[in-house]
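*Asks:* Starting from these lines, generate the structure:
(chains A and B)
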Amino acid sequence: GEDVEQSLFLSVREGDSSVINCTYTDSSSTYLYWYKQEPGAGLQLLTYIFSNMDMKQDQRLTVLLNKKDKHLSLRIADTQTGDSAIYFCAEPPYNRLAFGKGNQVVVIP
Amino acid sequence: IAGITQAPTSQILAAGRRMTLRCTQDMRHNAMYWYRQDLGLGLRLIHYSNTAGTTGKGEVPDGYSVSRANTDDFPLTLASAVPSQTSVYFCATSRDSKETQYFGPGTRLLVL
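*Replies:* I've put the predicted structure just below:
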């Protein structure tokens, strides 16, 4: 079956950059997504990348896609305390195992 | 405001009791999903529905059932709750199975 893998925990100082990684096994998805879950809340879409792109920049967020290695990363520049959350990469379709286990980012003031 | 509502917000339930978690959306999305979220295990798909009238099993369906009688509602039923079903349950929707998912606020369930 398809699996999405993520590392679990990252601490970063406010103002530094943080990088979250994800690997996936199914290469047929049109889009790959990053979701953010703040404490006590559900997941919200953070950003996405079209599968024929290598990079997407969205303000402080940079998504890199390495299709050869099936590797997806999310870089957050100038990390702020509001970026403390759990980040999930997701590879649709959603009617099967589509989400990684999540990566908790803790921003240290 | 369009969105997804879940009820109850939280519940303490005695083992062996029957419980239905409710999920309602007003976005007219075709697909709906139920996940459970447990520490260290991420989001695990319980059941899904690609469109009204159809349902499918996810990764962890045992002990749960769903129905999709109409577009807006997707209730999740625990026929006889067990302590291992203690979790946070999220309902989600998407226009189709490959587009952005939208999540409800979650139901926190404690089975004793």
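
*Asks:* ok, residue A:96 to residue A:10 distance?
*Replies:* Distance from residue A:96 to residue A:10, counting by C-beta to C-beta, to the nearest Å: 27 Å. (C-beta placed from N, C-alpha, C; glycine too.)

*Asks:* next one: residue A:105
*Replies:* If you measure residue A:105 against residue A:10 using C-beta to C-beta, the figure is 5 Å.

*Asks:* more neighbours, those two?
*Replies:* Between residue A:105 and residue A:10, counting by other C-beta atoms under 10 Å in any protein chain shown, residue A:105 is the more crowded of the two (21 against 16).

*Asks:* Which pLDDT value belongs to the more buried one?
*Replies:* Residue A:105 is assigned a predicted lDDT (pLDDT) of 94.

*Asks:* Show me what it is bridged to.
*Replies:* With beta bridges defined as DSSP bridges, residue A:105 has these partners: residue A:10, residue A:85.

*Asks:* ok, it - contacts?
*Replies:* If you count contacts by C-beta atoms under 8 Å, 6 or more residues apart in numbering or on different chains, residue A:105 has them with A:10, A:11, A:12, A:18, A:20, A:76, A:79, A:83, A:84, A:85, A:86, A:87.

*Asks:* Backbone dihedrals for residue A:81, please?
*Replies:* phi -60, psi -30 (degrees, to the nearest 10).

*Asks:* Could I get the contacting residues of it?
*Replies:* Residue A:81 makes contact with A:14, A:107, A:109, according to C-beta under 8 Å, 6+ apart.

*Asks:* can you check residue B:37 too?
*Replies:* Under the contact definition (C-beta under 8 Å, 6+ apart), the residues listed for residue B:37 are B:43, B:44, B:87, B:88, B:89, B:90, B:106.

*Asks:* tally of neighbours for the last one?
*Replies:* Using other C-beta under 10 Å as the criterion, residue B:106 is surrounded by 22 other residues.
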